[in-house]
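K.L.:
Mind looking at a prediction? Sequence and model below.
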Amino acid sequence: MQAELHPFRLALRAPLVTGGVPVRFRAGFLVALNADGLVGWGEASPLPGWSQTSLLETEAALRRTMDGLEAGGEAALEDLLDGLADTPHARAGVAGAWADLRARRAGQTLADRLSRDHGGDVAAAVMVNALVAAPEPSEVEEAARDAVSAGFSTAKLKVGAADPGVDVERVRSARAGLGPTAELRLDANGAWDPATALDVLARVQDYDVAYCEEPVTGIEAIAAVGGRSGVPVAADESIRGEADARRALELGVGTLIVKPQALGGPDVALAIAACAREAGASAVVTTFLDSAVGVAHALHVAAAVDAAAPRGRAHGLATASLLAADVAKAPAVVAGTMAVPGAHGLGLAPR
């Protein structure tokens, strides 16, 4: 087995504020594992202001793993993955490339390979939500109306970066643009304190909000807000691993947001989704402003999650259009759905 790292830096078409931090580009590494004439691909790209490990720390962990593979070969992979537990982005890159390579060897799509141990048939496509981040209420209404016209049945509105009163108007505008039947989700990225979160959610609960992701920061705080709010809550950034996911479920959080590239790879993401399913909660798979490689991984994980769940929900995968350039052509979004590539493995390879 041969291993390679390929650094990338991709500009966004426009800055995206997430967690109070404007993101203007995405930087990271693609991991390539080459064996038997086949190449598996993974992505490792921490996000400044969000990730607990930096790009330099991620690169150092990846290079140590590359050295370990050179010395121990494929037989050393499982132990090497165990050693990456504290650097989840590096683990996601290696675990993702390894999963892609194994699926290609088996002549299967990655989704079929992942769902093998979780039951169910993989659908040809998964539902995805539109992302609305326009700052002005009038722009929000227009963007929401455009999403419905494009075939989306679910939209997620970024909140928390504006004055709470403005956000209330933005939510009202989003519902007006979506109409009465489309699902509306909010994502505060932990920007509010508990009092602000409860105030805003109380003022928007009549707009039929499905849930608010990370109204505050921390599992216990999110659950406490959820217990007092008429709007359900979801845990996202506060979930750093399976233990956090289980704690959120124990405290009554009804939706877990699962980011394969941020949590450590497809295997970790599927384990967390299984915890949610066992608890009667929902798991929504999302990208991490990934390149096409990360988007494809999240898509295959979402398809495997849906195969095991009786009622799938729209996943947060439609983010490739936010990038001005990419490492490969990402799976297309058509009428609010994203088709699962039928080729072996990920179904794409970087240029």
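P.N.:
That came in fine, so what should we check first?
K.L.:
only C-alpha atoms for contact and neighbour calcs from this point on.
P.N.:
Will do.
K.L.:
does residue 331 really touch residue 346, like I thought?
P.N.:
No. When contacts are counted by Cα atoms under 8 Å, residue 331 is not listed as touching residue 346 (10.2 Å).
K.L.:
which of these two has more neighbours?
P.N.:
Taking neighbours as other Cα atoms under 10 Å, residue 331 and residue 346 compare with residue 346 leading, 31 against 20.
K.L.:
Doesn't residue 234 belong to a helix?
P.N.:
No. If the criterion is DSSP: H, G, I helix; E, B strand; the rest coil, then residue 234 is strand and not within a helix.
K.L.:
switch to numbering from 593
P.N.:
Sure, I'll start counting at 593 from here, so that last one is residue 826.
K.L.:
any shared contact partners between residue 923 and residue 938?
P.N.:
Residues touching both residue 923 and residue 938 (Cα atoms under 8 Å, 6 or more residues apart in numbering) are residue 888.
K.L.:
Give the bridge partners for residue 620, please.
P.N.:
Judged by DSSP bridges, the bridge partners of residue 620 are residue 600.
K.L.:
can you give me the helices for the stretch 793-942 of the chain?
P.N.:
Taking DSSP state H, counting those that start in this stretch, the helices of the stretch 793-942 of the chain run over residues 811-820, 834-842, 852-855, 858-870, 884-900.
K.L.:
again, but for the stretch 643-792 of the chain
P.N.:
For the stretch 643-792 of the chain, applying DSSP H, counting those that start in this stretch gives helices covering 647-664, 669-674, 680-698, 702-707, 729-741, 756-770, 786-796.
K.L.:
And the contacts of the second one?
P.N.:
So that's helix 669-674. 657, 660, 661, 683, 686, 687.
K.L.:
nearest spatial neighbour of residue 668, skipping sequence neighbours?
P.N.:
residue 661 (6.5 Å; Cα to Cα, 6 or more residues apart in numbering).
K.L.:
Contact partners for the one you found?
P.N.:
593, 594, 595, 668, 669.
K.L.:
Pipe those residues into a markdown table and attach neighbour count, distance to residue 843 and pLDDT per row.
P.N.:
Output for the contacts of residue 661, formatted as a markdown table (neighbours: other Cα atoms under 10 Å; distance: Cα to Cα, whole Å; pLDDT from 0 to 100):
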| residue | neighbour count | distance to residue 843 | pLDDT |
| --- | --- | --- | --- |
| 593 | 15 | 44 | 89 |
| 594 | 14 | 44 | 92 |
| 595 | 21 | 42 | 94 |
| 668 | 14 | 38 | 94 |
| 669 | 18 | 35 | 94 |
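K.L.:
Could you chop this structure up by domain?
P.N.:
With domains defined by automatic domain parsing, the chain comprises 594-699, 707-931.
K.L.:
Need the winner for burial among those.
P.N.:
Greatest average neighbour count among those goes to domain 707-931 (a mean of 21), per mean count of other Cα atoms under 10 Å.
K.L.:
Check the separation of the first and last residues in that domain.
P.N.:
For domain 707-931, the first-to-last residue distance is 16 Å (Cα to Cα, to the nearest Å).
K.L.:
and it, how far from the chain's centre?
P.N.:
Chain-centre distance of domain 707-931: 8 Å, with Cα atoms, centre = their mean, to the nearest Å.
K.L.:
And the pLDDT at the residue in the chain sticking out farthest from the centre?
P.N.:
For the chain, the C-alpha farthest from the mean C-alpha position belongs to residue 663; by Cα atoms, centre = their mean, that distance is 33.2 Å. pLDDT, the model's per-residue confidence, is 91 for residue 663.
K.L.:
same thing with residue 613?
P.N.:
Reported pLDDT for residue 613: 74.
K.L.:
Next, work out how far apart the residue nearest to it when sequence neighbours are not counted and residue 936 are.
P.N.:
Once flanking residues are discounted, residue 613 sits nearest to residue 641: 6.4 Å by Cα to Cα, 6+ apart. Counting by Cα to Cα, the gap from residue 641 to residue 936 is 35 Å.
K.L.:
swap in residue 639?
P.N.:
Applying Cα to Cα, the value for residue 639 to residue 936 is 29 Å.
K.L.:
give me every residue that touches the closest residue in space to residue 730 that isn't next to it in sequence.
P.N.:
Distances taken as Cα to Cα, 6+ apart place residue 765 nearest to residue 730, at 6.8 Å, with adjacent residues excluded. For residue 765, the contacting residues are 729, 730, 732, 733, by Cα under 8 Å, 6+ apart.
K.L.:
any chance of the helices of the stretch 643-792 of the chain in a markdown table, with distance to residue 608 too?
P.N.:
What follows is the helices of the stretch 643-792 of the chain, written out as a markdown table (distance: least, Cα to Cα, whole Å):
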| stretch | distance to residue 608 |
| --- | --- |
| helix 647-664 | 19 |
| helix 669-674 | 32 |
| helix 680-698 | 21 |
| helix 702-707 | 30 |
| helix 729-741 | 15 |
| helix 756-770 | 16 |
| helix 786-796 | 21 |
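K.L.:
Among those helices, which comes closest to residue 901?
P.N.:
helix 702-707 (11.0 Å; Cα to Cα).
K.L.:
re the thing from before, how about the contacts of helix 669-674 in TSV, adding distance to residue 755?
P.N.:
As requested, the contacts of helix 669-674 are exported to TSV (distance: Cα to Cα, whole Å):
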residue	distance to residue 755
657	45
660	50
661	50
683	38
686	41
687	41
